[in-house]
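Trainee: With the sequence up front, the predicted model follows.
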Amino acid sequence: MSETLLEVENLHAQFSLENECVPAVNGVSFSISKGEVLGIVGESGSGKSVTALSLLQLIDPPGEIIAGKAMFYGEDAPVDLLQISSKELQKIAGSRISMIFQDAMASLNPVLTVGFQIAETLRVHRGLSRKAAKEKTVYLLERVGIANAAQRSRNYPHEFSGGMRQRVLIAMAIACRPELLIADEPTTALDVTIQAQILHLLREFTRDFGMSIILISHDLGVIAQLADQVAVMYAGRIVESGPVDLIFHNPQHPYTQALAASIPRLHEYPKRLVTIDGSPPRAGTDDFGRCSFYPRCSQRIDICAEKRPRLTQILPKQFASCWVAQQGAFADG
Amino acid sequence: MAETVLEIRDLTKSFASRPGMLGRPKVKNIAVDNVSFAVSSAETLGIVGESGCGKSTLALTIMRLYEPDAGKIYFDGNDITRLNMRELKPVRRNMQLIFQDPLAAFDPRLRVDQIIGEPLEIHGVGTLRSNRDYAASLLRKVGLYAEDMHRLPSEFSGGQQQRIGIARALALKPRLLICDEPVSALDVSVQAQILNLLRDLQDELGFSYIFISHNIAITAFMSNRIGVMYLGKLVEIGETESIIRNPLHPYTEELLAAIPDPDPSYRDNNICSSSAPAELEGLSTGCVFRMRCPIAQEICAAEEPPLRTVHSGHQTACHFA
């Protein structure tokens, strides 16, 4: 069995507004092994980004983490990422754990050259000299597929295209050979051909450096292409999790099933698509006494309106929070 | 043979970038470059391409919201390329647009019945009272409730807002609906509802669509035929199945291969082209795709391949197809 790198337990996060508390993440638990890609898939408002941001204590007030544990078993002594001081976190963030976002332009400083920004990471975390950092920067830019790297390192972010900027961000993120990369919709703003290149690059890094990735996306295609394990989020909870082939070929939760069936595929020409009625619940409007997917579920039974199902093992390695799936599993023995 | 609703011939639209501070010469950016196609009644023509390929400019130029530089636009057989605003008004009734972000396309202070009623009012159709009943029937048609009429667009979810946008576009019973990325801003679970609705409405009402999207799988679901654009040019056009199963242009092949398949069994199938989309500058001759093309030869730099018919109904602009 592979070694665990990160173990998140019962994470709760909420946004405290003037007269109400809006829960965003309601008891999320997952773990990720070394060298593994965990895909977190969900629609807008499902809590996937808040989950990711929480891991580096990056949610700003009025958002707050109200409970949970995130044990990081890196090369150094195990730490709880949610508890450590900001000073300790600074040592880990950008070095052992790094993060990339959807909007690369917003993540880069517009008035500094990209070379300077990558070198800065190396000098702060690795204590490299100016010269050594510069050399390493050129190597990293080459590694992520930027031509004329030495020359390009002297360019400013606006002088790069969207795909190239995302590559710069990846170069910066992998500069210190992190053990974990958190990638929040890393290819959503990019064209499909550029997306394919970036996914290819990320796959290479897991293979070559044994880096683990938490990949957050709303796109089932992206998840299917890169993830080893998948967690499906809905209304702030994980509703199904398991190895990628089981999630896609034998989904147990009605939401996962319907979501996978509702996207048009290239070589199939159905007259109509399978749909899910209604729309995802807005954060804070969820009724806690029942399954959050109840109003939209085509397979719902009486108990779904009365009691919220817990994430339960349905098949070996596969978990789902659904009464219907549970009944099926236990009926089969 | 079905009758042709819209035909464009050699349509071209360019934008001049502002001269630089140091008196750099004006650069002409050609957004739509000599594009020709026709759309029959009750047909859906899909247009796919990456950002910056000119697909949205194409939509706005067809609607005459941009003035074309050159080329012709025929609607119902009539040349509308140079009609003035007054002459254009009755034509516009028959062509409507559905946008990516419906909320940005509505006046936030208007109620739903006013939003749907506005095009009727502008074109002097019906009375206030009859239009209200009509708006209610349109709302029901797109899957909303008549009671929703008195609410503001911001009170609806993204999918419902797009339904309102569709109701407004249908109000004047157009013959052609141009949809510019109509589901790109919607949640995955809501996209399928809107796509089904668009198809049902066409079956019922028999109008034509130009369906613009960067997502070729969604376009394929919606369209009878697909046109592929690259840097302002139509590089391939044909029946949907023919394009998907037997792409003739290397760019179409690349586009198809790049789509992440929502099935983990087909990993690593996607090819990666080595370079990003080329800049147009310095590409005054030859094929626009040659800088990225895996099979480019000398002829591609020297001669621009014309769009030619390779087999029945399937055209491509590649020397080697």
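Mentor: Looks like it came in fine.
Trainee: what helix or strand does residue A:298 sit in?
Mentor: For residue A:298, there is no enclosing helix or strand under DSSP states H and E.
Trainee: Next to chain B, which bits of the stretch 51-200 of chain A? Give me the list.
Mentor: A:145, A:147, A:161, A:163-164, A:191-197, A:199-200 (CB under 8 Å from any CB of the partner chain). For glycine as for every other residue, the C-beta is placed from the backbone atoms N, C-alpha and C.
Trainee: Looking at those residues, which are in strands?
Mentor: Per DSSP state E, strands hold no members of these.
Trainee: buried subset of those residues?
Mentor: A:145, A:163, A:164, A:191, A:192, A:193, A:194, A:195, A:196, A:197, A:199, A:200 (16 or more other CB atoms under 10 Å in any protein chain shown).
Trainee: so what's the closest residue to residue B:172 other than its chain neighbours up against?
Mentor: Nearest non-adjacent residue to residue B:172, counting by CB to CB, 6 or more residues apart in numbering or on different chains: residue B:93, 4.8 Å away. Neighbouring residues of residue B:93 by CB atoms under 8 Å, 6 or more residues apart in numbering or on different chains: B:123, B:172, B:174.
Trainee: if I look at residue B:93, how far off is residue A:69?
Mentor: 62 Å (CB to CB, to the nearest Å).
Trainee: next one: residue A:12
Mentor: 11 Å.
Trainee: now do residue B:84
Mentor: Taken as CB to CB, the span from residue B:84 to residue A:69 is 70 Å.
Trainee: Same drill for the two, tell me which one is more crowded.
Mentor: residue A:69 (14 against 7; other CB atoms under 10 Å in any protein chain shown).
Trainee: quick one: that one is in a strand?
Mentor: Yes. Using DSSP: H, G, I helix; E, B strand; the rest coil, the assignment for residue A:69 is a strand.
Trainee: Can you classify the nearest residue to it once chain neighbours are set aside as helix, strand or coil?
Mentor: Sequence neighbours aside, residue A:9 is the residue nearest to residue A:69 in space, at 4.5 Å (criterion: CB to CB, 6+ apart). Following three-state DSSP, we place residue A:9 in the strand state.
Trainee: what's around residue A:9, how many residues?
Mentor: 16.
Trainee: Name the residue of chain A that lies nearest to chain B.
Mentor: residue A:221 (3.3 Å; CB to the nearest CB).
Trainee: Assign that residue to helix, strand or coil.
Mentor: Quick answer, by three-state DSSP: residue A:221 is helix.
Trainee: Quick check: nearest residue in space to it, chain neighbours excluded?
Mentor: Spatial nearest neighbour of residue A:221, chain neighbours left out: residue B:260 (3.3 Å); criterion: CB to CB, 6+ apart.
Trainee: ok, then the element right after the helix or strand harbouring residue B:194?
Mentor: For residue B:194, the host element (DSSP H and E) is helix B:188-205. Sequence order places strand B:208-213 as the next helix or strand after helix B:188-205, per DSSP H and E.
Trainee: Which elements pack onto that following strand?
Mentor: Packing contacts for strand B:208-213, counted by 3 or more CB pairs under 8 Å, 6 or more residues apart in numbering or on different chains; DSSP states H and E, involve strand B:4-16, strand B:28-40, strand B:44-48, helix B:55-62, strand B:176-180, helix B:188-205, helix B:216-222.
Trainee: what does that strand contact?
Mentor: Contact with strand B:208-213 is made by B:5-6, B:39-48, B:55-56, B:58-59, B:62, B:175-184, B:198, B:202, B:219, B:222-223, as judged by CB under 8 Å, 6+ apart.
Trainee: now do stretch A:201-211
Mentor: Residues contacting stretch A:201-211 (CB under 8 Å, 6+ apart): A:34-37, A:144-145, A:167, A:170, A:174, A:177-181, A:183, A:186, A:212-213, A:215, A:226, B:268.
Trainee: Next, check these against the strands and list the overlap.
Mentor: Counted as lying in strands by DSSP E, out of the contacts of stretch A:201-211, are A:37, A:180, A:181, A:183, A:212, A:213, A:215.
Trainee: Please render the residues you listed as JSON lines that adds distance to residue A:268, neighbour count and pLDDT to the earlier fields.
Mentor: Shown next, in JSON lines, are those (distance: CB to CB, whole Å; neighbours: other CB atoms under 10 Å in any protein chain shown; pLDDT from 0 to 100):
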{"residue": "A:37", "distance to residue A:268": "27", "neighbour count": "24", "pLDDT": "97"}
{"residue": "A:180", "distance to residue A:268": "37", "neighbour count": "22", "pLDDT": "96"}
{"residue": "A:181", "distance to residue A:268": "34", "neighbour count": "23", "pLDDT": "96"}
{"residue": "A:183", "distance to residue A:268": "29", "neighbour count": "27", "pLDDT": "95"}
{"residue": "A:212", "distance to residue A:268": "34", "neighbour count": "24", "pLDDT": "96"}
{"residue": "A:213", "distance to residue A:268": "30", "neighbour count": "25", "pLDDT": "97"}
{"residue": "A:215", "distance to residue A:268": "26", "neighbour count": "26", "pLDDT": "96"}
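Trainee: Now stretch B:227-247: average pLDDT?
Mentor: If you average the pLDDT over stretch B:227-247, you get 95.
Trainee: And that stretch, end to end?
Mentor: From its first residue to its last, stretch B:227-247 covers 11 Å (CA to CA, to the nearest Å).
Trainee: Now it: buried residues?
Mentor: Across stretch B:227-247, burial judged by 16+ other CB under 10 Å covers B:227-240, B:242-244, B:247.
Trainee: Run the angle between the longest helix belonging to chain A and strand B:44-48 for me.
Mentor: Counting by DSSP state H, the longest helix found in chain A is helix A:192-209. Calculated by axes from the mean of the first three to the mean of the last three CA atoms, to 10 degrees, helix A:192-209 forms an angle of 50 degrees with strand B:44-48.
Trainee: And the nearest residue to residue B:319 once chain neighbours are set aside, how far from chain A?
Mentor: With sequence-adjacent residues excluded and distances taken as CB to CB, 6+ apart, residue B:319 is closest to residue B:305, at 4.7 Å. Using CB to the nearest CB, to the nearest Å, one obtains 20 Å as the distance from residue B:305 to chain A.
Trainee: Any part of stretch A:232-251 near chain B?
Mentor: Yes. Under the criterion of CB under 8 Å from any CB, stretch A:232-251 makes contact with chain B via A:244, A:245, A:248, A:249.
Trainee: which among these gets closest to residue A:267?
Mentor: Of all these, residue A:267 sits closest to residue A:248, with 16.1 Å by CB to CB.
Trainee: near chain A, which residues of the stretch 101-250 of chain B?
Mentor: Counting by CB under 8 Å from any CB, the stretch 101-250 of chain B sits next to chain A at B:157-160, B:187-193, B:195-196, B:199, B:214-218, B:220-221, B:240-241, B:244-245.
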